[in-house]
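In: take a look and give me a structure for this.
(2 chains)
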Amino acid sequence: MYAPSFLERLYRTLYTIRVFETQCIKLYRQGLIVGYFHPYLGEEAIATGVCAALRDDDYIVSTHRGHGHCIARGGELPKMVAEVLGRADGYCCGRGGSMHIADVTRGNIGANGIVGGGIPIGTGAALGIRIRGGNQVVAVFFSDGAANNGVFPESLNMAAIWDLPVVFVLENNQYAVASAVEEMTRETDLYKRGLAYGVPSSTVDGNDVLAVYEKMQEAVTTCRQGKGPVLIEAKTYRHGGHHVNDPGLYMPKERLEYYKARDPVGIGRRYLLEQGKLSEQAIEAIEREIDGQMDEAIQFGTNSPHPSVEAFLAEVQR
Amino acid sequence: MYREALNEALREEMVRDASVFLIGGGIAQRGGSYKVTVGLLDQFGPQRVLDAPISESSFTGMGVGAAITGMRPVVEILFVDFTSLIIDQIVNQAAKYRFMSGGKGRVPLVLRTQGGSGGSLAAQHSQSLEAWFYHVPGLKLVMPATPYDAKGLLKTAIRDDDPVIFLEHKLLYMEKGPVPEQEYTIDFGVGTIRRPGKDVTLVAWSGMVGRTLAAAAKLAEQGIDAEVIDPRTLVPLDKEMILASVRKTERLVIVQEAVRRGGVASDIASVVQQEAFDYLDAPIEIVAGKNTPIPFNGHLERVAVPQEADIIAAAKRCLYLT
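Out: Numbers count the residues shown, from 1 in each chain, chains lettered A, B, ... in the order given. You can find the predicted model right below:
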């Protein structure tokens, strides 16, 4: 049994990610957000459960679908909105945008525009920890798509030979951009790849925040004991296409309906209601509070100035 | 010796700063293909001198991740030719992280590798690929030609907070030269005049410096006083030293081992023609490798890259002496 306060914390994260994505998609439709924007809708429980099992001095490595990771790691909504709007007060001063949000102050090494690009980077952070003799842990988020890039087996192998404190969190959302996982690989239980490298590996329901949290806690404990790495495959499904302008017509309707019925935010809400014994009204109050925070973040972001051209030119001419 | 100077630089920086570590293929037990890392495993242990599997992209990326989180990795890639395997981690990750994070993250990583022809190692082990890295904003590019420079520049590279591509030349490892006992570093962006002269400026780096100096000596026998400039670092480039020399000699020959097309020499020439056009008394000459893969056969290999006679001929063309 979990304390109501803990379940509330998890739900706040789940709901915040949901609201952030939903509201940003509206901003995108209004033409305020431009470029690529990859929503984390439908996958909220993975980032939430994983980050809840981490300490403040641990690290995460995110992906191009990274807003959820950033929020779950304690990212501030105003700075996130400002960044996806390309403004000066954003996390990266408007230079990174949606695909490159990093928050080094919170151990979020950053999102990545290259699928799989962050896998060795996170593994390297774990190597640094090992050399320094620390007991921090790195959570590397990546996807079924990235698992088919060579850096995944390479990094998994090196993490294994050096016992690195890294948890490879494979978010199997079943699509690499628009390619179904079963068309891209014969064995679709991707965690089995870890077993071939001698790495403790298993799968978890990626839509169930408590299942993810528990699985991650075990993995983190293993890593802190110097017995890393660990591979977790969290099975999930995107609630839409690859990015905001992809309607995802290639996603079978029944499958989407099945996963939407197993909505990670809804599951987290039920935990809070049933296990946490929070009243419907109390939960609604939490939701309204977060809605308000997002409104304020949008205000902040839209009021933030564009980055200075002079400062930019001064830097590039250095 | 060049390789010993590099070894000393690594050793001294590893003693000085516990965050410096080495990772690469065959660098620990074997001490590296060119013996640059000999003895470092014994002194610093397997935690800080790591023999990695042949997974170049990932161990380079691990260097990037370790660098972002407080370490100072020196990643070794056996041949510059193999950097084709790590381009994403260098070009998309290391070079851009500081910029993309709004200056909040830094990548103090050194990538050591070696290039150049001259050993009949054929087309996949003999290239001069500095232009790849020269082209990408966010990287510094160092190409030492002497033991003294190799040591001083490597120490500076390790202390730098941004990613540095440190390109050695395979024919230079056994080169001898003075290296002082006392501690020193060499600032980036400061070239050196290898031979002062007044008639023609010859710019060369890395393996071409020695050949260019030999050409200058022959030119001197013919009464031509060539100035030889070695920029030592291509990014940042000591543009002012080259321009000052051209304003004096009014003639410029740029020598590069890399293929002519899309090379650093062309870029230097473009800078000089724009900023010192009125001083030039002859078209800028570029002596470069031919636009070909490096052949295995030794005779063909020599034809493919600049030789002393090519440099002499170019200098004379600048002086209208042919």
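In: ok, and the closest non-adjacent residue to B:P180?
Out: Leaving out its chain neighbours, the residue that sits closest to B:P180 by C-beta to C-beta, 6 or more residues apart in numbering or on different chains is B:Y148, at 7.7 Å. From N, CA and C alone the C-beta is placed, and that goes for glycine too.
In: which regions of the stretch 201-318 of chain A sit below the pLDDT cut-off?
Out: In the predicted model of the stretch 201-318 of chain A, residues A:317-318 satisfy pLDDT under 70.
In: rerun at 80
Out: A:315-318 (pLDDT under 80).
In: neighbours of the residue in it positioned nearest to chain B, how many?
Out: Residue nearest to chain B within the stretch 201-318 of chain A (C-beta to the nearest C-beta): A:V316, separated by 7.3 Å. Residues near A:V316, counting by other C-beta atoms under 10 Å in any protein chain shown, number 9.
In: wait, it sits on A:E310?
Out: No - using C-beta atoms under 8 Å, A:V316 makes no contact with A:E310, being 11.2 Å away.
In: follow-up on the earlier one: and the helix or strand harbouring the residue nearest to B:P180, what does it pack onto?
Out: Using DSSP states H and E, B:Y148 sits within helix B:147-159. When contacts are defined as 3 or more C-beta pairs under 8 Å, 6 or more residues apart in numbering or on different chains; DSSP states H and E, helix B:147-159 packs onto helix B:2-16, strand B:72-76, strand B:110-115, strand B:140-142, strand B:164-169.
In: mean neighbour count added to these, as JSON lines?
Out: Formatted as JSON lines, the helices and strands packed on helix B:147-159 follow (neighbours: other C-beta atoms under 10 Å in any protein chain shown):
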{"stretch": "helix B:2-16", "mean neighbour count": "20"}
{"stretch": "strand B:72-76", "mean neighbour count": "28"}
{"stretch": "strand B:110-115", "mean neighbour count": "25"}
{"stretch": "strand B:140-142", "mean neighbour count": "24"}
{"stretch": "strand B:164-169", "mean neighbour count": "27"}
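In: for those, which one sits closest to chain A?
Out: When the helices and strands packed on helix B:147-159 are compared by C-beta to the nearest C-beta, strand B:72-76 sits nearest chain A, at 7.6 Å.
In: pLDDT score for A:M1?
Out: Here the pLDDT value assigned to A:M1 is 84.
In: wait, isn't it in contact with A:Q275?
Out: Yes - between A:M1 and A:Q275 there is a contact at 6.7 Å, judged by C-beta under 8 Å.
In: these two: who's more crowded?
Out: Neighbour totals were compared for A:M1 and A:Q275, and A:Q275 leads with 15 against 7 (other C-beta under 10 Å).
In: residues in contact with that one?
Out: By C-beta atoms under 8 Å, 6 or more residues apart in numbering or on different chains, the contact list for A:Q275 reads A:M1, A:Y2, A:P4, A:L7.
In: go again with 7 Å.
Out: A:M1, A:Y2, A:L7 (C-beta atoms under 7 Å, 6 or more residues apart in numbering or on different chains).
In: picking up where we left off before, separation between the residue nearest to B:P180 and B:Y2?
Out: 9 Å (C-beta to C-beta, to the nearest Å).
In: so for the longest strand seen in chain B, mean pLDDT?
Out: Longest strand in chain B, counting residues (DSSP state E): strand B:252-259. Strand B:252-259 carries an average pLDDT of 98.
In: tell me what it is packed against?
Out: Contacts defined by 3 or more C-beta pairs under 7 Å, 6 or more residues apart in numbering or on different chains; DSSP states H and E place strand B:252-259 against strand B:200-204, helix B:208-221, helix B:264-275, strand B:285-289, helix B:308-318.
In: buried ones in the host helix or strand of A:G194?
Out: For A:G194, the host element (DSSP H and E) is helix A:192-196. Buried residues in helix A:192-196, counted by 16 or more other C-beta atoms under 10 Å in any protein chain shown: A:R193, A:G194.
In: who touches the helix or strand where A:P153 lies?
Out: Element membership of A:P153 [criterion: DSSP H and E] is helix A:151-161. Identification of contacts with helix A:151-161 by C-beta under 7 Å, 6+ apart yields A:116, A:119-120, A:123, A:126, A:142, A:146, A:166, A:168, A:194, A:197-199, A:228-229, A:231, B:52-53, B:55, B:57-59, B:61-62.
In: that older thread, just the contacts of A:Q275 now: which is nearest B:L243?
Out: A:L7 (68.4 Å; C-beta to C-beta).
In: how many residues are close by the closest residue to that closest one other than its chain neighbours?
Out: Spatial nearest neighbour of A:L7, chain neighbours left out: A:G276 (3.9 Å); criterion: C-beta to C-beta, 6+ apart. By other C-beta under 10 Å, 21 other residues sit near A:G276.
In: over to the one 10 residues further on?
Out: Applying other C-beta under 10 Å, we find 17 residues neighbouring A:I286.
In: quick check: phi and psi at it.
Out: A:I286 adopts backbone torsions of phi -60, psi -40, taken as degrees, to the nearest 10.
In: and the residue nearest to it when sequence neighbours are not counted, what helix or strand is that in?
Out: Spatial nearest neighbour of A:I286, excluding adjacent residues (C-beta to C-beta, 6+ apart): A:R12 at 6.4 Å. Using DSSP H and E, A:R12 falls within helix A:4-29.
In: residue 163: what's it in contact with?
Out: Answering for chain A, as no chain was given. A:G226, A:K227, A:G228.
In: that's the wrong chain, I meant chain B
Out: B:A94, B:A95, B:V107, B:L109, B:G138, B:L139.
In: just to revisit the earlier point, the residue nearest to A:L7 and A:F6 touch, don't they?
Out: No - if you go by C-beta atoms under 7 Å, A:G276 and A:F6 don't touch, sitting 8.3 Å apart.
In: so which of the helices and strands packed on strand B:252-259 is the most surrounded?
Out: strand B:200-204 (a mean of 29; mean count of other C-beta atoms under 10 Å in any protein chain shown).
In: show the contacting residues for A:Q174.
Out: By C-beta under 7 Å, 6+ apart, the residues touching A:Q174 are A:D144, A:A180, A:V181, A:Y237.
In: contact residues of the stretch 1-150 of chain A facing chain B?
Out: A:59, A:91-93, A:95-96, A:100, A:102, A:104, A:109-110, A:114, A:117, A:120-125, A:127-128, A:131, A:150 (C-beta under 7 Å from any C-beta of the partner chain).
In: so which of those belong to strands?
Out: Using DSSP E, the residues of the stretch 1-150 of chain A next to chain B in strands are A:Y59.
In: which among the residues of the stretch 1-150 of chain A next to chain B end up buried?
Out: A:59, A:91-93, A:95-96, A:100, A:102, A:104, A:109-110, A:114, A:117, A:120-125, A:127-128, A:131.
In: so of the residues you listed, which ones are in helices?
Out: Among these, the residues falling in helices (DSSP state H) are A:P120, A:I121, A:G122, A:T123, A:G124, A:A125, A:L127, A:G128, A:I131.
In: in JSON lines, list the residues you listed along with pLDDT.
Out: Below are those laid out as JSON lines (pLDDT from 0 to 100):
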{"residue": "A:P120", "pLDDT": "98"}
{"residue": "A:I121", "pLDDT": "98"}
{"residue": "A:G122", "pLDDT": "98"}
{"residue": "A:T123", "pLDDT": "98"}
{"residue": "A:G124", "pLDDT": "98"}
{"residue": "A:A125", "pLDDT": "98"}
{"residue": "A:L127", "pLDDT": "98"}
{"residue": "A:G128", "pLDDT": "98"}
{"residue": "A:I131", "pLDDT": "98"}
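In: look up phi and psi at the residue in the stretch 101-250 of chain B positioned nearest to chain A.
Out: Proximity of the stretch 101-250 of chain B to chain A (C-beta to the nearest C-beta) peaks at B:G102, 3.4 Å away. B:G102 adopts backbone torsions of phi 70, psi 30, taken as degrees, to the nearest 10.
In: leaving out chain neighbours, which residue sits closest to it?
Out: A:C93 is the one closest to B:G102 (C-beta to C-beta, 6+ apart), at 3.4 Å.
In: what's the answer for B:Y184, then?
Out: B:Y184 sits nearest to B:G152 (C-beta to C-beta, 6+ apart), 5.4 Å away.
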